[in-house]
Structures are given as structure tokens and as C-alpha cells.
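Chemist: how would this look folded up:
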Amino acid sequence: MPSQAMQDVIDTLRGQQKAAASQPSPTLEELRAAFAPAGRLHPLPDDVVVTDVNAGGVPAHWLAAPGADTGRVLLFLHDGGYELGSLRSDGELAARLGRASGMRVLFPEYRLAPEHPFPAAIDDVLTAWHWLRTEQDLPAASMAVAGASAGGGLATALLVAVRDAGQPLPAAAVLMSPTVDLTSSGASMTERADQDPVSTPALLRQLAAGYLAGANPRTPLASPLFASLAGLPPLLIQAGTADLLLSDSERLAAAATRAGVHVTLHIGDGLPHVYPIMAGTPEAAQATEQTGDFLRTRVR
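Modeler: Next comes the predicted model:
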């Protein structure tokens with residue numbers, strides 16, 4: 001069961017969800033300005049150094065907590081349904097994972113749909129990855145990738161694309177409630193509809209359509225659940241039962257395990273979508289510690 005702190009966040013999210021249902025639909029600009037996946041924004045800690053950088057043409061930010069090993073890099077990909085999200089909404093989580101793992105973080109601001117539909121986002125992520133490998137001269141074994149929701153889908157697609165190109169893969173990946181099936185075919189899309197305080201099936205289908213812009217939803221780099229997963233690095237997948245996309249995590253873990261990938265799947269009872277972002281809750285703290293331990297033991 002969720003802690004009281006987490007239940008307070010869930011109640012806030014439910015209140016926001018209910019209020020939004022009775023209001024006129026906001027513009028995309030308004031949605032982006034108000035996007036706070038944890039119910040409210042959590043600012044970056046004062047001791048985290050933020051440096052803007054051009055990662056091969058992709059705007060990005062270096063995040064470095066005190067003591068971060070600059071030779072070990074976590075590529076962090078934010079959530080937001082491919083249409084929302086930025087350093088403002090997800091920077092605290094990215095910096096927290098960097099601190100827990102002792103790694104410097106690169107946070108790319110990949111292009112957003114619907115202005116920039118598939119494959120713009122994964123193209124930008126791959127550009128940032130290749131910039132790290134070539135311009136920053138970082139070995140793949142010294143890097144990991146982490147992604148939340150849509151960012152988790154992009155992280156998985158990155159692994160598939162790099163493997164298919166015959167290039168060295170990052171040492172590990174952390175996927176928080178990853179969006180890996182844009183066909184919306186998971187059982188939880190209906191079974192969890194009354195439990196999810198964040199999303200509705202209609203919203204998720206709308207976001208998927210805006211990102212795909214007519215592309216086949218089973219395209220592997222859009223929906224990496226349908227890709228071959230053989231040869232991928234160790235995966236840590238974190239999800240909650242109060243999430244319409246729970247089935248994405250469960251099916252990805254099962255498919256990757258069948259393909260011979262080492263998978264750690266952690267499902268939190270009663271926890272919502274991307275619960276690790278909900279700073280100040282015991283569940284987020286535990287997820288952060290789990291991620292830190294996972295990355296410290298795998299990234300050289």
C-alpha cells in the first residue's frame with residue numbers, strides 16, 4: 001500500500017485529473033507550461049551544477065551533483081507523452097539519479113510532437129548518444145540510459161537502434177513506467193482505468209496518435225515492445241499497479257527475459273505512473289536507491 005506521503009500525491013493528482021475533466025481543453029502551450037508529473041514541480045537542488053550544451057545540434061544540459069564522476073555518464077530522457085516535458089519538469093529526478101549513481105547526467109531536450117512527430121524524438125536521442133561517443137570520446141561501457149514514461153520508450157528504442165547498428169551498447173538501462181506499446185493493446189489499459197490518477201485511455205491514445213502522425217504504431221523504434229530484444233544490456237524496470245501502462249512494463253520484462261536479457265522488474269503495489277519522480281515520498285527514495293545501486297554495480 002502507498003505511504004501517507006505517496007497517498008497525498010495520489011490525492012493531488014486525482015484532484016487535478018477531476019478538475020481538468022470539467023474545464024475547457026487547454027492549449028498545448030498551456031499544457032506544457034503547467035506540466036508537473038509529480039503533482040507539483042520539484043526544483044533542482046542548489047548544489048547541482050547545470051551547464052547548457054549543444055549535443056550535436058540537440059539542446060541539452062549537463063547536470064552534475066557534488067562528487068559526480070565526469071567519466072561516467074547517465075543519459076536521461078524525460079517523460080511527457082512525447083508532447084510535454086523538459087528540464088523544468090524532470091530535472092530534479094534526473095539530478096537525483098545522477099547523485100545516487102555518482103554519475104554526470106546529460107539531459108537532452110529532444111524535439112516534441114505534434115510539431116515534430118516520429119521519428120524526430122528518437123533521432124535526437126540517437127544524435128545525443130553519438131555525440132557522447134564521438135565528440136565526448138566516452139566508451140559505451142561508461143554510460144547508461146534512463147527514461148521515464150515516453151522517455152523509457154525512447155531509452156528502449158535507443159538500445160535497439162544501437163544494437164542494430166552493430167555498435168557498443170550502454171552498460172545498463174533504467175526504465176520507469178516505460179511507454180513501449182503505442183498500439184495501446186496492454187490489458188492494463190482497461191483493467192487499471194479506474195485506478196490511474198494520471199492518465200485516461202483516451203489521453204494516451206491521443207498522445208500516441210500525435211506522436212505517430214500516421215506511422216505504423218508497431219514500428220519497433222516507436223513501439224520497441226515489438227522489436228527483437230536480444231543482446232540488450234541489463235534492464236531495471238520500475239512500475240506501479242495504479243498505472244494504465246503497467247502492462248507495457250510487464251510485457252517488456254517478459255519479452256526481454258525470453259530473449260536472454262538480465263531484467264530486474266519492480267512493481268509497487270498501488271503506486272502511480274512514474275512514481276520515482278514523486279520526491280519526498282519513501283517510495284521515490286527507495287526507487288532512487290535501487291537505481292543508484294543498479295548503476296553503480298554495472299557502469300565502469
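Chemist: right, and residue 60 touches residue 104 too?
Modeler: No - Residue 60 is beyond contact range of residue 104, at 12.0 Å (criterion: Cβ atoms under 8 Å). The C-beta positions use only the backbone N, C-alpha and C, and glycine is treated the same way.
Chemist: quick one, which of the two is more surrounded?
Modeler: residue 60 (26 against 21; other Cβ atoms under 10 Å).
Chemist: part of a strand, is the more buried one?
Modeler: Yes - counting by DSSP: H, G, I helix; E, B strand; the rest coil, residue 60 is part of a strand.
Chemist: Could you pull up the residues touching it?
Modeler: The contact partners of residue 60, taken as Cβ atoms under 8 Å, 6 or more residues apart in numbering, are 52-54, 106-109, 128.
Chemist: Show me which positions of stretch 130-150 end up buried.
Modeler: 131-133, 138, 140-150 (16 or more other Cβ atoms under 10 Å).
Chemist: what sits up against the longest helix along the chain?
Modeler: Ranked by residue count under DSSP state H, the longest helix found in the chain is helix 4-21. Defining contact as Cβ under 8 Å, 6+ apart, one finds that helix 4-21 is touched by 2, 38-40, 197-198, 200, 242, 271-272, 275, 278, 280-284.
Chemist: So residue 67: helix, strand or coil?
Modeler: coil.
Chemist: and it, backbone torsions?
Modeler: phi 80, psi 0 (degrees, to the nearest 10).
Chemist: Count the residues that sit near it.
Modeler: 7.
Chemist: And residue 228, by the same measure?
Modeler: 13.
Chemist: same deal with residue 29?
Modeler: 8.
Chemist: Could you give me the buried positions within the helix or strand in which it is found?
Modeler: For residue 29, the host element (DSSP states H and E) is helix 28-34. When burial is assessed from 16+ other Cβ under 10 Å, helix 28-34 yields the following buried residues: residue 32.
Chemist: helix or strand right after it?
Modeler: Using DSSP H and E, the helix or strand that follows helix 28-34 in sequence is strand 49-55.
Chemist: just checking, what packs against that next one?
Modeler: strand 58-64, strand 103-108, helix 120-134 (3 or more Cβ pairs under 8 Å, 6 or more residues apart in numbering; DSSP states H and E).
Chemist: partner residues bridging the most centrally placed residue in the chain?
Modeler: The centre of the chain sits closest to residue 148, judged by Cα atoms, centre = their mean, with a distance of 1.6 Å. Beta-bridge pairing for residue 148 (DSSP bridges): residue 176.
Chemist: just checking, it touches residue 90?
Modeler: Yes - counting by Cβ under 8 Å, residue 90 is a contact partner of residue 148 at 6.6 Å.
Chemist: Overlap in contacts, those two.
Modeler: 37, 78-79, 277.
Chemist: Kindly indicate which of those lies nearest residue 223.
Modeler: Distance to residue 223 across the shared contacts of residue 148 and residue 90 (Cβ to Cβ) is lowest for residue 79, with 16.5 Å.
Chemist: my guess is that closest one contacts residue 90, does it?
Modeler: Yes - counting by Cβ under 8 Å, residue 90 is a contact partner of residue 79 at 6.4 Å.
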